[in-house]
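In: sequence and predicted structure below; questions after.
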Amino acid sequence: MRDGLLAIVAGLNLLLCSAVVADDNNVSIIEVEKAAVEDMRTATLAFLEGLTPDLRDKALFDFDDEERRRWSNVPYTMFDRKGVSIGEMTPAQRVLAHRLLENALTGQGYLKTTGIMHLDEILVTIANAKGRDNPPFGLDYYWLGVFGDPCNGAIWGWQLDGHHLALNFTVVGDEVSVTPAFMGTDPAEIRNGPHAGWRVLSDEDDLGRALFESLDHEQREKALLSGEAPRDIIAGAGHRDRITRITGLPASEMTPEQRALLVRLIFVYMQNVKPGLVAGERAQMWIDGVETLHFSWMGSEPGKPYYYRVHGPGVWIEFDNSFPPGSKTGPINHIHSIWRNPRNDYGEDLLRKHYENSAHHQDSKGQ
């Protein structure tokens with residue numbers, strides 16, 4: 001077991017280092033990102049071209065529109081979303097929307113994204129079986145929006161927003177930001193019917209619990225922030241400033257096996273996105289150093305809600321598994337998770353550098 005995990009560490013080191021250093025036999029991160037961004041740009045333009053003029057008007061926003069930072073994980077009846085919804089699209093337009101997702105996400109990420117959307121259809125079935133008409137769930141209620149001009153603009157992005165799902169991509173030149181990314185599942189595990197056993201976010205759940213369970217008594221004392229888990233993730237939609245201090249067990253105080261498990265857990269989130277689009281995130285994590293990462297946990301009783309957090313200079317992950325919505329009892333079977341970059345959510349760091357180096361900004365500094 002130990003040798004296997006050490007091999008994982010060595011492999012991850014090699015992978016990340018190769019992403020940072022370019023030589024005659026290896027393309028640079030900039031080249032990898034540029035190619036991936038171009039593929040995503042092409043898919044975005046194809047999606048927009050396939051829309052009718054009225055739907056295209058709904059889908060397009062100015063880059064600085066407040067909608068770019070506005071999203072939620074709650075059903076559409078509780079949060080007014082803008083853009084063009086899946087329900088408004090023709091089958092051909094939905095195909096183009098899926099091609100956009102496929103050009104931004106790995107197979108793993110695409111299956112999770114569409115799995116979360118499909119779970120909403122299962123919620124409709126469950127609600128109907130309980131006699132509820134017109135429940136606020138379903139595949140139709142996911143919205144796509146494009147910000148800026150992907151054809152001619154150096155700055156643009158897109159967002160997918162709906163129940164338990166929010167993906168945010170921001171392009172600045174040939175670089176890209178892929179956070180914040182929210183994924184949730186209800187139910188976390190289907191326990192009845194033809195889909196019994198299906199868990200869309202199984203790795204996020206299993207690896208986080210495995211890491212906590214691997215900690216010894218002294219390590220747990222540092223990792224455990226509270227014996228009671230919060231009702232939800234803390235820095236969710238609109239609440240990124242709720243956590244400002246890095247707390248928990250430092251990776252520098254973990255064993256090599258535990259650090260390998262921590263990196264595996266982080267990569268579960270990063271590997272939802274195409275390698276070229278996430279190359280910069282992975283390389284920066286390695287530059288910052290795995291030892292700068294911290295792991296924390298809340299919840300201590302079996303069968304009760306639990307929560308974990310991974311936090312470092314450029315990595316911020318939260319996960320919780322809790323009671324059914326609106327209930328303080330019942331099965332622990334409702335997951336929320338979020339991946340953020342404290343420095344570069346919505347491309348903030350990339351945009352700062354872009355504006356600092358732009359001709360307009362340079363001119364304004366002399367005035």
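Out: The structure has been received and is ready for your questions. Numbering: from 1, shown residues only.
In: how about the residue positioned nearest the centre of the chain, nearest residue that isn't a chain neighbour?
Out: The chain has residue 181 as the residue nearest its centroid, 2.5 Å off, counting by C-alpha atoms, centre = their mean. The spatial neighbour of residue 181 that comes closest, neighbours along the chain excluded (C-beta to C-beta, 6 or more residues apart in numbering), is residue 339 at 4.7 Å. Every C-beta, even on glycine, is put in place using the N, C-alpha and C of the backbone.
In: for that neighbour, list the residues it contacts.
Out: 179-181, 269-270, 316-317 (C-beta atoms under 8 Å, 6 or more residues apart in numbering).
In: give me the buried entries from those residues.
Out: Buried members of the contacts of residue 339, counted by 16 or more other C-beta atoms under 10 Å: 179-181, 269-270, 316-317.
In: and those residues, which is closest to residue 263?
Out: Nearest to residue 263 among the buried ones among the contacts of residue 339 is residue 270, at 9.9 Å by C-beta to C-beta.
In: separation between that closest one and residue 343?
Out: For residue 270, the distance to residue 343 (C-beta to C-beta, to the nearest Å) stands at 15 Å.
In: hmm, back to that, sec struct for the residue nearest to residue 181, please.
Out: Here residue 339 is strand, with the state taken from DSSP: H, G, I helix; E, B strand; the rest coil.
In: same question, residue 317
Out: When classified by three-state DSSP, residue 317 comes out as strand.
In: ok so, going back, of all pairs in the buried ones among the contacts of residue 339, which one is the farthest apart?
Out: Across the buried ones among the contacts of residue 339 (C-beta to C-beta), the longest gap, 13.3 Å, separates 180 and 270.
In: my read: residue 81 touches residue 161, true?
Out: Yes. Using C-beta atoms under 8 Å, residue 81 is in contact with residue 161, at 5.5 Å.
In: of these two, which one has the most company?
Out: residue 161 (26 against 18; other C-beta atoms under 10 Å).
In: which of the three states applies to that one?
Out: Residue 161 ends up strand, using three-state DSSP.
In: give me the beta-bridge partners of it?
Out: Note on residue 161: beta-bridge partners by DSSP bridges are residue 143, residue 166.
In: from residue 182, how far out is it?
Out: In terms of C-beta to C-beta, residue 161 sits 9 Å off from residue 182.
In: list the residues that contact both of these two?
Out: 71, 167.
In: give me the spatial nearest neighbour of residue 281, chain neighbours excluded.
Out: Closest to residue 281 by C-beta to C-beta, 6+ apart is residue 270, at 6.0 Å.
In: where does the one you found land on pLDDT?
Out: Per-residue confidence (pLDDT) for residue 270: 98.
In: likewise residue 241?
Out: The model reports residue 241 with a pLDDT of 81.
In: is it in a helix, a strand, or coil?
Out: helix.
In: neighbours of it, how many?
Out: Using other C-beta under 10 Å: residue 241 sits among 7 other residues.
In: count of residues packed around the closest residue to it other than its chain neighbours?
Out: Nearest non-adjacent residue to residue 241, counting by C-beta to C-beta, 6+ apart: residue 235, 7.7 Å away. When counting by other C-beta under 10 Å, one arrives at 19 neighbours for residue 235.
In: quick check: which element contains residue 235?
Out: According to DSSP states H and E, residue 235 maps onto no helix or strand at all.
In: wait, it sits on residue 317?
Out: No. Residue 235 is beyond contact range of residue 317, at 10.2 Å (criterion: C-beta under 8 Å).
In: the helices in the protein, which residues?
Out: 2-20, 29-50, 53-59, 91-104, 107-129, 202-214, 217-223, 256-270, 275-288, 348-357, 359-365 (DSSP state H).
In: mind putting the ones you listed in TSV, distance to residue 304 included?
Out: Output for those, formatted as TSV (distance: least, C-beta to C-beta, whole Å):
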stretch	distance to residue 304
helix 2-20	29
helix 29-50	41
helix 53-59	43
helix 91-104	35
helix 107-129	23
helix 202-214	13
helix 217-223	16
helix 256-270	21
helix 275-288	32
helix 348-357	36
helix 359-365	52
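In: ranking the ones you listed by mean pLDDT, which is last?
Out: Taking the mean pLDDT of the helices of the chain, helix 2-20 comes last: a mean of 41.
In: show me which residues of stretch 72-79 are buried.
Out: 72-73, 75-76.
In: any chance of CSV for these, columns distance to residue 254 and pLDDT?
Out: Converted to CSV, the buried residues of stretch 72-79 look like this (distance: C-beta to C-beta, whole Å; pLDDT from 0 to 100):
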residue, distance to residue 254, pLDDT
72, 35, 96
73, 31, 95
75, 39, 95
76, 42, 95
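In: among the residues you listed, which lie within strands?
Out: With strands taken from DSSP state E, there is no overlap with the buried residues of stretch 72-79.
In: farthest-apart pair in these, please.
Out: With C-beta to C-beta as the measure, no two of these lie farther apart than 73 and 76, at 11.3 Å.
In: joint contacts of these two?
Out: residue 163.
In: what is in contact with residue 235 and residue 317 at once?
Out: By C-beta under 8 Å, 6+ apart, the residues touching both residue 235 and residue 317 are 338, 340.
In: buried sites along stretch 344-358?
Out: So stretch 344-358, judged by 16+ other C-beta under 10 Å, has buried residues 344-351, 354.
In: and which of those residues is nearest residue 333?
Out: residue 345 (28.9 Å).
In: list the contacts of that closest one.
Out: 168, 177, 179-180, 240.
In: now the two most distant members of these.
Out: 177 and 240 (13.7 Å).
In: of those two, which one has the most company?
Out: residue 177 (24 against 18).
In: how about the nearest residue to the more buried one, chain neighbours excluded?
Out: Closest to residue 177 by C-beta to C-beta, 6+ apart is residue 347, at 3.7 Å.
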